[in-house]
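> based on what follows, work out the 3D shape:
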Amino acid sequence: MSRPRFWKGMVAGLAGGLAGTIVMTGFQVGWQKTADALESRANGRIKSRSKSADQGEDATEKAAAKIAKLADQKLTRTQKKKGGAAVHYAFGTALGTAYGIAREYSLESVVPTLAGVSYGSAVFVGAHEFAVPALGLAESPKDAPLSERAFELGAHLVYGLTSEVVRKTVRGWL
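I've put the predicted structure just below:
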């Protein structure tokens with residue numbers, strides 16, 4: 001790679017963060033559908049979609065509602081879902097942008113897979129385990145079942161790996 005360029009790291013990181021968020025979301029949706037299907041088979045019944053919708057707001061929906069409240073707005077359930085998706089994609093893309101800039105100035109010899117796993121792990125610990133609960137957007141990780149935390153770690157590893165692969169590819173094109 002040629003000498004570091006801030007804008008190239010930013011563009012590559014933005015692309016990586018967005019791609020990572022898209023793939024992470026697909027992973028989460030696919031995993032949940034598979035888990036629901038397995039649970040339905042084990043219980044000998046079909047689980048209705050409305051039951052999974054009743055589980056409450058996720059952290060991104062709560063964040064969207066808090067942001068709207070700052071603007072003196074109250075969101076409907078549908079608006080919270082859309083706002084939650086916007087928060088999720090904006091956060092993942094912003095983190096990816098920062099990551100791309102940091103990688104621009106890091107050692108070239110860092111193995112991309114290791115970099116991606118490290119990045120995804122750092123996002124999991126920093127955001128999911130600490131920041132989100134500290135902001136009152138989710139329960140304390142110690143109150144969540146280990147299976148849920150493992151699922152979230154897996155989703156963040158998918159995010160980190162995808163972000164790094166796309167970042168590295170885009171950076172090579174620039």
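> so after the helix or strand of the chain with the lowest mean pLDDT, what's the next helix or strand?
Lowest on mean pLDDT, DSSP states H and E among the helices and strands of the chain sits helix 49-53, with a mean of 36. Moving toward the C-terminus from helix 49-53, the next helix or strand (DSSP states H and E) is helix 59-70.
> what residues sit buried inside the following helix or strand past that next one?
Towards the C-terminus, the helix or strand next in line after helix 59-70, according to DSSP H and E, is helix 77-104. In terms of neighbour count (16 or more other Cβ atoms under 10 Å), helix 77-104 has its buried residues at 80-81, 83-84, 87-89, 91-93, 95-97, 99-101, 103-104. Where C-beta positions appear, they are placed from N, C-alpha and C, glycine not excepted.
> what of stretch 69-77?
Buried residues in stretch 69-77 (16+ other Cβ under 10 Å): L75.
> gap between it and the chain center?
23 Å (Cα atoms, centre = their mean, to the nearest Å).
> stretch 117-127 now?
10 Å.
> what about that stretch, average pLDDT?
Averaged across stretch 117-127, pLDDT comes to 97.
> next: stretch 164-174.
Averaging pLDDT along stretch 164-174 yields 96.
> who's in contact with that stretch?
1, 5, 8-9, 11-13, 15-17, 19-20, 96, 99-100, 103-104, 112-113, 115-116, 119 (Cβ atoms under 8 Å, 6 or more residues apart in numbering).
> next: stretch 112-123.
95, 99, 103, 106, 153, 156-165, 168.
> A35: neighbour count?
If you count neighbours by other Cβ atoms under 10 Å, A35 ends up with 13.
> chain center to whichever strand or helix holds it: distance?
Secondary structure from DSSP H and E places A35 in helix 6-43. Using Cα atoms, centre = their mean, the distance from the centre of helix 6-43 to the centre of the chain it belongs to is 7 Å.
> elements contacting that helix?
Helix 6-43 is packed against helix 77-104, helix 146-173, with contacts defined by 3 or more Cβ pairs under 8 Å, 6 or more residues apart in numbering; DSSP states H and E.
> which residues of the protein score low on pLDDT?
Low-confidence segments of the chain (pLDDT under 70): 1, 44-55.
> ok, R5 - contacts?
Contacts of R5 (Cβ under 8 Å, 6+ apart): E104, L174.
> can you rerun that using 7 Å?
Listed by Cβ atoms under 7 Å, 6 or more residues apart in numbering, the contact set of R5 reads E104.
> again, but for T162
A19, G20, V23.
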